[in-house]
Each structure stands twice: as C-alpha cells, then as structure tokens.
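> give me the fold of what follows.
(one chain, ligands or ions: 1)
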Amino acid sequence: MDQAELIWHNGEFVPWEDAKVHVLSHALHYGTGVFEGIRCYETERGPAVFRHADHLNRLAKSAELYYLGLPYSPEEIGEATRELIRRNGLGSCYIRPLAFRGYGSLGLYATDAPVDLIVAAFPWGAYLGEEGQKHGIRAKVSSWRRIGPGGLIPHAKASGQYLNSILAKTESTNAGYEEAILLDERGFVCEGSGENIYLVRDGEIVTPGHSSSILDSINRKSVIQIARDLGDTVVERDVARAELYLAEEIFLTGTAAELVPVREIDDHPIGEPGEITRHVQAKFVDALYGRAEEYLEWLDFVEVSTGADEPSKVSS
Ligand code: PPE
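Numbers count the residues shown, from 1 in each chain. Predicted coordinates for the structure are as follows:
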C-alpha cells in the first residue's frame, strides 16, 4: 500500500511505522472495531473531504451500536483528520478512521479494555480499477449470504462483519470476477462486498432498501439525491436475483470504488455503461471534485496554508 508520513493515534501524530498495537488487543481476537472509509479530493479550492460529518456520525453510531465508547467526538476526529491531511501534505486520498477495543483484557465482556482510535490518510487509487469505472466490471452473485439483522448489525460498519465480505470477495476473485454481489438472508439482492447496488429497469433506478441488510451508506444517499435532481425516478424495493439479468443497466457505489458500472453479471451481458449510469456518474464525479455548485455543501475543505501570510524574510 502507499504510505504517508504520519498516522493519528490516540491524539498523537506518530510516524507511519510506529503506529502499533499489542498482539493481545481485543479487536485482533474478536473483531471489536468500527471504522470508516472516507475520501478526500483535490479540488480547485484545495483538498476537500466528501461528506465528512456524515461519515463521522456513522462512525459514532456504529460505535454506539457495538458498545464502544468513542474516546473523541466526531468534531475532534474531524479536526484531527484535516490536520493529518495537512501534515501529510496530501491532496486526493483515502481516510480510514478506526476505533477498536485495545489491550487490557480478553473475554467477551471486556469493558475494561480501552477503546483506541486511529486515523490514517494515504493515497488509494480506483478500488475496482479505472477501466472498471469507464467500461464496467464483471460481477458474480456470491454463494455467501450477506449477514442478517438477526445476528449482526448490517447498518453498522464494524470490523468483524467484514469476514462476511471477505468470503464473498475471495470466492468471486478466485472464480475470475471483479466483484461479488451478495443476496440477503431472504434471497433478495443486497449489495456488493463493499458497494451498494442499483439496477435500471424500464428506465427507472431500482435499489434495495434498508430492510435488505444494506450498509447505511453515504454514497447511496448522495447518488439517490443526484439521480432524483437529474429527473430520474429512484425506487427503493426488494430486488429479485433474476432482475439482475433482466436489467438494462447496473452500477455500484461505495467510497473506495466510487461509481462503477457492471457490464456482466453471472455471465449474462449487460453491456457498456448505459445513458442513466453515465449521467449519474458524471454528476457524482463532479460533486466529489467540487465542480457541482449545488453539492458544494457536501465538501469539507481542508484549509492549507499557502505560506502567503507568513512574514517574508528580508535579506540584508
Ligand atoms: N456496503 C459495504 C459492505 C461497504 O463496505 C461499503 C463501503 C458500502 C456498502 C458503501 O458505503 P459508502 O462508502 O458509505 O457509500 N466500503 C468501504 C470499505 C471498502 C474496503 O475494501 O475497505 C469503502 O468503500 O470505503
């Protein structure tokens, strides 16, 4: 992976290679962590974090749902993140805050093990490839079902839950596909291993709703709003597996992946990205890079000193 200089660790900026934990940290054993995937984009007005507050609020909610008391408020984490981007001298980058139960005790009721918090920010390119963003990817419905609301909390972004995504992603990659699509416990379409899914059927955008075990996604909210603002109809409802094969267009969204069209699913051709996918993608990318006036409020600009107001040194 691409490294940066510093990582924020429990309130301190430490060198990348020194950001370490004890091997008996609780989260290593049980997956007791919650995290975020956030992106910052180099805009004309400098680096800007996309929907920063929404991501940090989701982090706080995920922590609460898994009984992890966050040692810092979303505002403090946001400030630390902006400072980390400045100190690392980053423009476009991926941001990974992680709160996890650290070293102190093992066992399942380990409330005396502290909750540690890190924020890392580093360069990370297109998750499913630039070709994928342009021409679409090949996906496969997984034999693994997405975790259900009866056993875990699909709405939350918790570390341990990702074993489910990893099983699906590994299966689809080993079978030669670029992404896995998981069905929910009922057998309806849920989402990708790290992205939400949308189909175009009879000219309307259809996407599974909150009762389909989807993550409470930030980009899904953005894309639904963008599509509606563009005049498209968006319907949130259960989606049957065969509808994937019958769809006119399919695309995925996620922070790491951004908006990625699907050109083939379970060996059924969908084709090159269609008209609706293209216009939503174009506006979405404009929003990410601060080129869409109407969505500027989604950006948290990182003030970077230009050095202009530093006293100039006059040589004698
Ligand atoms: N579903 C899952 C399971 C998921 O992990 C993500 C994000 C999404 C949907 C889309 O959510 P949002 O980013 O809020 O629109 N996946 C993150 C982690 C990916 C990884 O491989 O790590 C991400 O995209 O950052």
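> number of residues surrounding Val234?
Applying other Cβ atoms under 10 Å, we find 16 residues neighbouring Val234. Just so you know, the C-beta spots here come from the backbone N, C-alpha and C atoms, and that holds for glycine as well.
> got phi/psi on it?
The phi/psi pair for Val234 (degrees, to the nearest 10) reads phi -120, psi 130.
> Gly192 bridge partners, please.
In this structure, Gly192 bridges to Ile181 when assessed by DSSP bridges.
> how close does it get to the ligand?
Using Cβ to the nearest ligand atom, to the nearest Å, Gly192 is found at 7 Å from the ligand.
> repeat for Ser213
Ser213 is 10 Å from the ligand, by Cβ to the nearest ligand atom.
> one more: Asp216?
Counting by Cβ to the nearest ligand atom, the gap from Asp216 to the ligand is 8 Å.
> how about that residue, secondary structure?
coil (DSSP: H, G, I helix; E, B strand; the rest coil).
> now it: how far from Asn196?
Taking Cβ to Cβ, to the nearest Å as the measure, Asp216 falls 10 Å from Asn196.
> which of the two has more neighbours?
The neighbour comparison of Asp216 against Asn196 (other Cβ under 10 Å) goes to Asn196, with 23 against 16.
> residues in contact with the more buried one?
By Cβ atoms under 8 Å, 6 or more residues apart in numbering, the residues touching Asn196 are Thr207, Pro208, Ile214, Leu215, Ser217, Asn219, Arg220, Leu252, Thr253, Gly254.
> look up the pLDDT of it for me, please.
At Asn196, the pLDDT value in this model is 98.
> low-confidence stretches in the stretch 1-150 of the chain?
For the stretch 1-150 of the chain, no stretch has pLDDT under 70.
> do a quick rundown of the helices in it.
For the stretch 1-150 of the chain, the helices defined by DSSP state H, counting those that start in this stretch occupy 26-30, 52-65, 74-88, 130-135.
> what does the stretch 1-150 of the chain put close to the ligand?
Neighbours of the ligand within the stretch 1-150 of the chain, by Cβ under 6 Å from any ligand atom: Gly37.
> which non-adjacent residue is nearest the residue of the stretch 1-150 of the chain found nearest the ligand?
Closest residue of the stretch 1-150 of the chain to the ligand, Cβ to the nearest ligand atom: Gly37 (1.9 Å). Closest residue to Gly37 apart from its sequence neighbours, by Cβ to Cβ, 6 or more residues apart in numbering: Thr255 at 4.3 Å.
> give the helix, strand or coil label for Thr277.
Assignment for Thr277 (three-state DSSP): helix.
> now it: how far from the ligand?
Thr277 is 16 Å from the ligand, by Cβ to the nearest ligand atom.
> Phe251 is in contact with that residue, correct?
Yes: with contacts counted by Cβ atoms under 8 Å, Thr277 reaches Phe251, the gap being 4.7 Å.
> hey, what's in contact with both of those two?
Leu259, Pro261.
> so what's Gly78 up against?
His52, Ala53, Leu56, Asp300.
> now, of those residues, which are buried?
Taking 16 or more other Cβ atoms under 10 Å as the criterion, what is buried in the contacts of Gly78 is His52, Leu56, Asp300.
> quick one: which of those is nearest to Arg201?
Arg201 lies nearest to His52 out of those, by Cβ to Cβ, at 33.7 Å.
> burial count for Ala48?
Neighbours of Ala48 under the rule other Cβ under 10 Å: 24.
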